[in-house]
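**Q** Requesting a structural model of the entry that follows:
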Amino acid sequence: MRLNFFCRLNLELFFTIALFFSFTISALSQSQANSIRTDVTFQWLDVQANNNQPATLESITIGTEVYDIMAVPSAYELTRLGPDGHGRNEIRHGNVIINNNSSNVDWNDDALKSFQDRDLTHYFTSNHNGDDICTDFAAVATTDSQIQTLRYSPGIPSNEGGIIAITERNSNNCFYISFYGEPSGGGPEVFLGGDTFVLPNTTQSGPLFNAPPVGVDYWNSGRVVHNNGTIGIAIFTLEDLAPVGSVITRVDFTASSNDHGDGKMLILQRYASSKNEEGCRNDTFNGTVKDSSSPAGSTFTVISPPDPAGESFTFSSNGDYTYTPSPGFIGDVVFEYEICLPAPNDTTCDREVVTINFQTGAACVCSSGNANAPPMLGN
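**A** Predicted coordinates for the structure are as follows:
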């Protein structure tokens, strides 16, 4: 009997400890992401002489890295209407109200167009429809705040070095954002483990440009919307919200201040990568420029043909290629390629260079990225 008592006690203790660690791990999985707060500038495609003119973002520069390749969503949903109703939601473009009520039949189409536009004066806006839950991760599960969902089909890979940018009129409202998609290695859509609040400033007005103060994520961008409200831009490292190798299929925006945030989100990253390959003298080289950093359905083209031209070169729109060197050639062959993402991002393109080094001798081993070319020897 004594042995049974201690077994039961140990079993209860085990479950208590396991439950504690379960709650602890769950709490730790939700933590505030660090935004990028230094060495940022914004480049624009237009000059904004007054409040009613566009503010079209060309690129974001962080240090010496220029981010000008932007991916936009393929679909939009008003997943949960906020407590103050449809009449609080609008789509604006400059000083024009494009849609004044989210119950209108064309709401989703108009909202999607605003999230796809680089012009930051074309945006979603709402008065209220949120709860003041900023930084309270536990409250996300119980709030009735409005949720908007952006969908990406095909999904957008999370690549090393990528960023996201969240915009906000007046820099003064909070969002909670969460990322969903296919985990690295594939599988059904899951929460990717990445979520954060976007921390607001006090109300900012005028074409101010400055870094976020302590406790704030939004940069003042130097541009304004129709009410002279400063356009705030918060920047986060993409891999902090979607691990490298995962594929983003959905992003949820939850209003996290009583006055819903007014803005949009953009994904900025590279999709092409430089490739250094090795080939063998007198052997045809089979290669590919396609890898996991490009979305499914991307198309590939040659921008600059191989130099030297060699005996023959073929290149497929799926990224596979074949190059036959001139007899006896030893050295580097270089060509440039371009990848363009599938619609609605078909104007989003990136370029890189492939170098094939043709070698000779017993140590020559052919390699070709993902092309499954067999090892070969050349003399």
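
**Q** C-alpha from now on. contacts and neighbour counts both.
**A** Fine.

**Q** quick one, strands of the stretch 201-350 of the chain?
**A** Under the criterion DSSP state E, counting those that start in this stretch, strands of the stretch 201-350 of the chain are mapped to 209-210, 218-224, 230-237, 247-255, 265-268, 275-280, 285-288, 299-307, 312-315, 320-324, 331-340, 349-359.

**Q** Tell me which strands the shortest one pairs with, and in which orientation.
**A** Sheet pairing for strand 209-210, assigned by DSSP bridges, gives strand 218-224 (antiparallel).

**Q** Find the least confident helix or strand in the protein, judged by mean pLDDT.
**A** Ranked by mean pLDDT, DSSP states H and E, the weakest helix or strand in the chain is helix 2-28, scoring a mean of 40.

**Q** need the strands for the stretch 51-200 of the chain, in chain order.
**A** Under DSSP E, counting those that start in this stretch, the stretch 51-200 of the chain gives strands at 57-62, 65-67, 70-71, 75-80, 89-93, 96-99, 122-126, 147-157, 163-169, 175-182, 190-198.

**Q** What strands flank the first one, and is each parallel or antiparallel?
**A** By that I understand strand 57-62. In the sheet, strand 57-62 lines up with strand 40-44 (antiparallel), strand 65-67 (antiparallel) (DSSP bridges).

**Q** could you give the angle of that strand to strand 230-237?
**A** Strand 57-62 runs at 50 degrees relative to strand 230-237, counting by axes from the mean of the first three to the mean of the last three Cα atoms, to 10 degrees.

**Q** which parts of strand 57-62 are buried?
**A** Going by neighbour count (16 or more other Cα atoms under 10 Å), the buried part of strand 57-62 is 57, 58, 59, 60, 62.

**Q** what's the neighbour count on the residue nearest to residue 216 when sequence neighbours are not counted?
**A** In space, and not counting its chain neighbours, residue 216 is closest to residue 199: 5.0 Å by Cα to Cα, 6 or more residues apart in numbering. Applying other Cα atoms under 10 Å, we find 22 residues neighbouring residue 199.

**Q** and what of residue 312?
**A** The local packing of residue 312 (other Cα under 10 Å) involves 12 other residues.

**Q** Can you tell me the closest non-neighbouring residue to the spatially most central residue of the chain?
**A** Nearest to the mean C-alpha position of the chain, counting by Cα atoms, centre = their mean, stands residue 267 at 3.3 Å. Once flanking residues are discounted, residue 267 sits nearest to residue 164: 4.6 Å by Cα to Cα, 6+ apart.

**Q** quick revisit: could the strands paired with strand 57-62 be laid out in JSON lines, adding mean neighbour count and mean pLDDT?
**A** Shown next, in JSON lines, are the strands paired with strand 57-62 (neighbours: other Cα atoms under 10 Å; pLDDT from 0 to 100):
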{"stretch": "strand 40-44", "mean neighbour count": "17", "mean pLDDT": "99"}
{"stretch": "strand 65-67", "mean neighbour count": "16", "mean pLDDT": "98"}
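
**Q** Make JSON lines from those strands and add distance to residue 344 to it.
**A** Output for these, formatted as JSON lines (distance: least, Cα to Cα, whole Å):
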{"stretch": "strand 40-44", "distance to residue 344": "22"}
{"stretch": "strand 65-67", "distance to residue 344": "19"}
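
**Q** Compare the strands of the stretch 51-200 of the chain and give me the one nearest residue 330.
**A** Ranking the strands of the stretch 51-200 of the chain by proximity to residue 330 (Cα to Cα) places strand 65-67 first, at 34.5 Å.

**Q** Tell me the spacing between residue 88 and residue 307.
**A** Residue 88 sits 60 Å away from residue 307, taking Cα to Cα, to the nearest Å as the criterion.

**Q** What of residue 152?
**A** From residue 152 over to residue 307 (counting by Cα to Cα), the distance is 37 Å.

**Q** between those two, which one's more packed in?
**A** Each of residue 152 and residue 307 has its neighbours counted (other Cα under 10 Å); residue 152 has more, 19 against 12.
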